[in-house]
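>>> Please work out how this folds:
(3 chains)
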Amino acid sequence: MTALFINDEEVTVTPGTSILEACRQHGADVPYFCYHPELSVAANCRMCLVEVEGWPKPAASCCTPVAEGMKVRTESEGLEKDRQMMMEYLLIHHPLDCPVCDQGGACKLQDYTVEHGASQGRYTEMKRAVVDHDLGPFISTCMTRCIHCTRCVRFADEVAGTGDMGVLDRGDHMRIDGIVDDCLSSELSGSLGDICPVGALLDKPSHDVSRPWEVTRHKSTCTQCPQGCDITIESRGDEVIRIRPDREGVEPWICDRGRYVYDAFRSDERIVEPKIRQGDVLNSVSWDDAIGRAVELLKGKRVGILFSPFWSVEGLTAIRLLQDSSFRDAKVAFDLHRRDMRQFAFEEGLAMTTQQIEDVDQVVVLGSDLRQRLPVLMQRLRKRINSGKPVSRIGAMNYRTNTHPTHDALIRPRDWPAVIARAMDQVTEMGKLAAGMDEWRGAVKERHEAGKLLADALMADSCALLVGEEIRSHADAASLIYGLDLLMRACGHAEEGSDGRNLIPEGMNAQLLSSVFGDIRTSAGELFNAAANGELDAMILVGSDPLGDGLFPAEAKQAMGRLPTVQIGAIAGEISQFADVQLPAAAYSEVEGSFINMEGRVRIAGQPLSSIGSERPLWKVMMRLVQVMGGEVPAINLDELRSHVARLAPQLDGAWNAEGEIVIGTARNKDAVFLPSKAKKQGKLDVVSRYSLYREGAWARASELLTDAGRRHALDDVIAHPDTLAAGEHTIRSSAGEQKFNVGNRTNVTPGVLFVAKRGVAGDLSSELTVDVDGGGV
Amino acid sequence: MSAVENTSPQFSAERLDEIKALVARYPAARSALLPVLHMAQEDFGYLSMDVQKLVAETLDLHLMAVREVVTFYTMFREKPCGTYLLEVCTNAGCMLNGADDLVRHLCDKLDIKVGQTTPDGMFTVTEVECAGACAGAPVVQVNNVYHEKATAESMDALITQVRAGGDA
Amino acid sequence: MAISSDPKKVTRICFDRIEIPNQNKLDVARENGAYKFLPTVLKTFDADKIIDEMKTSGLRGRGGAGFPTGLKWSFVPRNTGKPTYLLCNADEGEPGTFKDRDIMRFDPHLLIEGMIMAGFALGVKDAYIYIRGEFLAEANVLNEAIAEAYAANLLGEKILGTDYSMNLTVHRGAGAYVCGEETALIESLEGRAGRPRFKPPFPAVEGFYQCPTVVNNVETLSTVPAILEHGGEWHAAIGRPNSAGCKLFSVSGHVNKPGNYEVPMGTTLRDLIENHCGGLQHGTVPKAIIPGGSSTPWLMAEHYDVPLTYDDIMEAGSFLGSGAIIVMDETADVVALTRRLSHFYAHESCGQCTPCREGTGWIERVMNRVDGGQGCEGDMKVLEEAAEHMAGRTICALAEGGAAPILSMLKHFPDEVRAKLKESSQ
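Numbering: from 1, shown residues only, chains lettered A, B, ... in the order given. Take a look at the predicted model:
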């Protein structure tokens, strides 16, 4: 530790800390613009000057490391004059926009001018004005206000990895600009509005809407993906104005999806009134009438329940309570992306925190478009790569990461067993063994060289596997995961404290869903097949949209068309065309409830916004149904419901009274032993269903902001490597028959695979595992 | 050549070989950016946006990285200039030895203002910073060739010679 | 080399062969002693010996900062696992400086030899000469000389049959004075805009691509062969204590024979200007002299007899800097000159640091107004404060350089400023 004096007070800090950080840690106020704890040091604003005894000139505290015995002064006459001059320099060209600038009230320039600046400027020459360029729908520009701190440039280079913001010219002609075709290409672009200290880069959707002092801030949890970021929802009255990262949250950034989904809260797609279908139309009715009609359709029937994992813990538990009470034999599914329902050797959820993943020796991403699925985790990996630590990747496509994975291998989904077997060969040769591994690899004929990347990484002291959707949705997922489990155990990465087996979940609350529904769940595909075979009489959809999401849109269409359906949820979506009754459930921003993220962190949301209509928290809707179905209501308030949660998921017992943060572990199943099965007859091309950050999830689709962004970032419907299929129109044969599609070419994808977008046009193809194509196919 | 030819600029095969050999002399390709921009300016006359994109592609850099460099350095031009670029140093030593008068003379003679190009596209007159040849003040660079102890007469002679079809 | 081994008799080191016709050709250069001592160095000296000699020599960086060269070389850590780089700073952009140009175009092999010896001492595999973009002719001469050196096994693999290999590449800049600052030079050589880096880390430890790097001026490196041949003590005995050796002075402005003159350190300004440069163009008393390039404070007539050494010039209130001497005689319009210099700094500021970016622009505009007869008394205070608060508060010293002419003008010629104010013409 290094000891130094700040304003005569002795403090100790880690060696290498900058003077500015030392001051911040010990409450000494030093002004700054360009410094940001998550970005590299630029030291260009010169606002952070401090005096060091014995030094002839003031020092920039952000870039000067502390030294033993150093004596630092943060206040003096000289510094006062320096700060005054810095403000005068900055205000030379800065326009007097305060009355019309959104940054007003939350602006460092304003604050420091008041605190440190002179009351009048002496500049009487020409002032500079800058031409603005459009950076897209999320960030507005008024670059005349720019003070050239370069936070945005460093963000674009280091955090976003896109390098599309830059500094042009020099001297006081210097201007910061972006090169964009249509819009900023980063999924984190909304952060630019947060980090710009002045009103040069502002949040566009909330532009000119409110002043910072008018809004109420609600601590909440984003539920757009399993990361479950800590967010602050800013509202004025009932209306959500903006979503930003919670400053005390775990992650420093949130992605554009979580940030801009809020216009969906008020979209026309919201289900806010109970409705009953009369003919072609859904009409608003009273809660009693709607519940009554629902019970009519469901009571005594063979029911299928399909729900979304993104509800609160309380809501999800209530679904189980309803099922236990009123639909004991119901087929229950919640995973739209899983084909193999056998038990997984390690279940969904991360065994490590995102910080641990950032820090371990090796990380291997197996089959995931991580940037789109978990943008904030991807940013951690980008940070890793920037600092020189390795990240390996094996998958069907060189998904855009805005960084350079250290090692990359392209494979087809049907190659996974060969990859794992190859890795097993190598680790066995190195003397790393696990019972069952020989049997597993003996069951696989082929070997794929990509397995070497995996095996090499496993040799490190600490290694994190991030097992993604390509494996989770594989028809033989359970045996693949068992194989990976064997590898991890053989190489010492499966013990407590060094468990690197991270299976990326489909949604939130994965750990809870294992406990609460583990014994009764089926796959969505099975559910729809049962419906199609006449084994079900009615469907209850709780927040799920199998037309817009998941691998079973074709099956869903078939099934839903035949059955009466009760839709309970917050968003109507395309699936509502099949709804006979709609019951409005409150959005995640409108409930008091708990959420568990992929790391197992429990978040308790307690400051809900008010409902905008008649919607109720999901758990209340479930209890009402129990009541009208004739059962005994198991919980009439949140406490009672939570006692049920604790009963079904004992790890959560006491979570709501705990002092610190609760973290739930992820289940491991020693008995989930599955050997790779023989491949069934397959079509020539594997199908990989592509994910779109802006279009997956009912909330995203209900948001105009995100839909617009989705249009701008869209790739071709169907993509193939030019060696597999030439670009142009092709006829594709699958279990759904023959369909014509326009195929685009990219060279950063594996030959032998067809990549389909879920946009309804090629969406039906995403049900397929393999297809044949006329005139092509490797 | 078909009428629907791709008109975006391309480096010749020889130039690409030269670039490849050059890149090998540095720890990373990015270091070759300034030399390659000089080459591109030589080949194409000026660094239009298309040329900048070509350079970015050739060296596998973000376009913004190229633009930052092009706009930072004085010698890189984003717009065409006259066939003969007359750069007059007007800094300390040259100023003390009549550079300002020389600039005025050139502008009068060619009937343009500083920074402008003659209508026939032959001459551009600009003022530049210290050329590093102060003993020869005033210094005029004509397409990067140093003309030291330049005078109104010597510049007039040059202009006449060039206009008559000779070299500078 | 034809330089005397008696330090008392030495008047020139770098310019010793500068007048020999075709000295840039390898065969001519060799006839006149180039590379003669190199085999001895490569075969019998080691890094420690060379760095010791350089320390003993007292040679200080000739680019302007005057940092002891041997000491700089000793800062380079060894066995880091990273390559060490040697960068020659041939950016020569400081107004008034034009000495390195002559070395490069007339005796390039002197520089090349110095770089090989320096590279050998530092364990360098790849060395670069960063030459300002405008020096196209000089770059061409250098490239030809380097090609000759490669062909003669003086560069490249296993130089002269020893185990030492070194590559040398000429890298042209593109018009940015700030790239003469060593960290900006490194940035530019990495293919970026030339924006200086803050220190620490120092280039010796983390420089070019975060590897140990030494940046030395052309003149500095060109002195190395003589020092190694004649010994560090020999060099230390030339010139003055703390200002050892000879120095190239580029003299320009209102002198009759402007040019580059190499003289032993300690020669007085008067001696240099009167006896070498043919005296002032007008009159016999200088109005003002800028001793070390436009970034240094002005000296007055009373300083005419100050010896040209680092210490004496500092005592007189300025810096020896690059040794670029700009002379102003009684006909000089100091306000106009300051106005022109303020344009230079505003044009060349990289724009990173607030006070330099905004301050140089502010100062330029005020000076335009003042020199154009539209100034007021308040402008003088503004100029003073804007300049004072740029200096010393930035990442690099360009701001200090920009402040120097303003503060000198205000200090020594306030009446000439006042004479141009609007009030005075009314």
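>>> For A:Met378, grab phi and psi.
Phi and psi for A:Met378, reported as degrees, to the nearest 10, are phi -60, psi -40.
>>> surely it meets A:Leu370?
Yes. Using C-beta atoms under 8 Å, A:Met378 is in contact with A:Leu370, at 4.5 Å. From N, CA and C alone the C-beta is placed, and that goes for glycine too.
>>> which regions of the chain sit below the pLDDT cut-off?
Assuming you mean chain A. A:758-763, A:775-778 (pLDDT under 70).
>>> look at chain B instead
For chain B, the stretches flagged by pLDDT under 70 are B:1-6.
>>> Can you pull out the residues in contact with the one helix or strand A:Val364 maps to?
Counting by DSSP states H and E, the element that carries A:Val364 is strand A:362-366. Under the contact criterion C-beta atoms under 8 Å, 6 or more residues apart in numbering or on different chains, strand A:362-366 has outside partners A:357, A:381, A:384, A:389-395, A:405, A:453-454, A:457-458, A:460, A:462-468, A:470-471, A:484.
>>> Kindly report the same for stretch A:265-277.
Taking C-beta under 8 Å, 6+ apart as the rule, stretch A:265-277 contacts A:239-240, A:264, A:282-287, A:289-291, A:293, A:567, A:569-573, A:576, A:579-585, A:587, A:589, A:611-615, A:698, A:701-704.
>>> so what's the residue nearest the centre of chain B closest to, chain neighbours aside?
Centre of chain B computed as the mean C-alpha position; nearest residue by C-alpha atoms, centre = their mean is B:Met75, 5.6 Å away. In space, B:Met75 comes closest to C:Gly175 once its chain neighbours are excluded; the distance is 3.8 Å by C-beta to C-beta, 6 or more residues apart in numbering or on different chains.
>>> Helices along chain B, start to end?
Assigned by DSSP state H, the helices in chain B fall at B:13-23, B:33-44, B:49-59, B:63-72, B:92-95, B:99-110, B:152-163.
>>> what helix or strand is C:Val214 on?
Per DSSP H and E: strand C:213-217 holds C:Val214.
>>> Contacts (any at all) between chain B and the next helix or strand after that strand?
Using DSSP H and E, the next helix or strand after strand C:213-217 towards the C-terminus is helix C:218-230. No. Figure legend: helix C:218-230 not in contact with chain B (C-beta under 8 Å from any C-beta of the partner chain); closest approach 11.5 Å.
>>> Show me what the helix or strand just after helix C:218-230 is packed against.
With elements assigned by DSSP H and E, the helix or strand that comes after helix C:218-230 is helix C:232-236. Packing partners of helix C:232-236 (3 or more C-beta pairs under 8 Å, 6 or more residues apart in numbering or on different chains; DSSP states H and E): helix C:47-57, helix C:218-230.
>>> My guess is the residue nearest to the centre of chain B contacts C:Gly133. True?
Yes. With contact defined as C-beta under 8 Å, B:Met75 reaches C:Gly133; the gap is 4.7 Å.
>>> Mutual contacts of those two, please.
Common contacts of B:Met75 and C:Gly133 (C-beta under 8 Å, 6+ apart): B:His38, C:Ala174, C:Gly175.
>>> Please name the nearest non-neighbouring residue to residue 101.
No chain specified, so I'll use chain A. A:Cys101's closest residue in space is A:Gly199 (C-beta to C-beta, 6+ apart), at 3.9 Å.
>>> Correction: the question concerned chain B.
Spatial nearest neighbour of B:Asp101, excluding adjacent residues (C-beta to C-beta, 6+ apart): B:Ala152 at 7.7 Å.
>>> In contact with the one you found: list those residues for me.
B:Asp101, B:Leu102, B:His105.
>>> C:Glu182 versus that one, what's the distance?
40 Å (C-beta to C-beta, to the nearest Å).
>>> give me phi/psi at whichever residue of the stretch 1-150 of chain A sits closest to chain B?
Per C-beta to the nearest C-beta, A:Thr150 is where the stretch 1-150 of chain A lies closest to chain B, at 11.3 Å. A:Thr150 has phi and psi values of phi 70, psi 20 when expressed as degrees, to the nearest 10.
>>> I'd like to know how many residues surround it.
Neighbourhood size, A:Thr150 [other C-beta atoms under 10 Å in any protein chain shown]: 25.
>>> Narrow the contacts of stretch A:265-277 to those that are buried.
A:240, A:264, A:282, A:285, A:290-291, A:293, A:567, A:569-573, A:576, A:579-585, A:587, A:589, A:611-612, A:614-615, A:698, A:701-704 (16 or more other C-beta atoms under 10 Å in any protein chain shown).
>>> What about these, which are in helices?
A:Ala290, A:Ile291, A:Arg293, A:Ala698, A:Arg701, A:Ala702, A:Glu704.
>>> surely the second one meets A:Met623?
No. Using C-beta under 8 Å, A:Ile291 is not in contact with A:Met623, being 11.0 Å away.
>>> before we move on, the earlier item: now for the helices and strands packed on helix C:232-236, which one comes closest to C:Phe106?
Closest approach to C:Phe106 among those is made by helix C:218-230 (11.1 Å; C-beta to C-beta).
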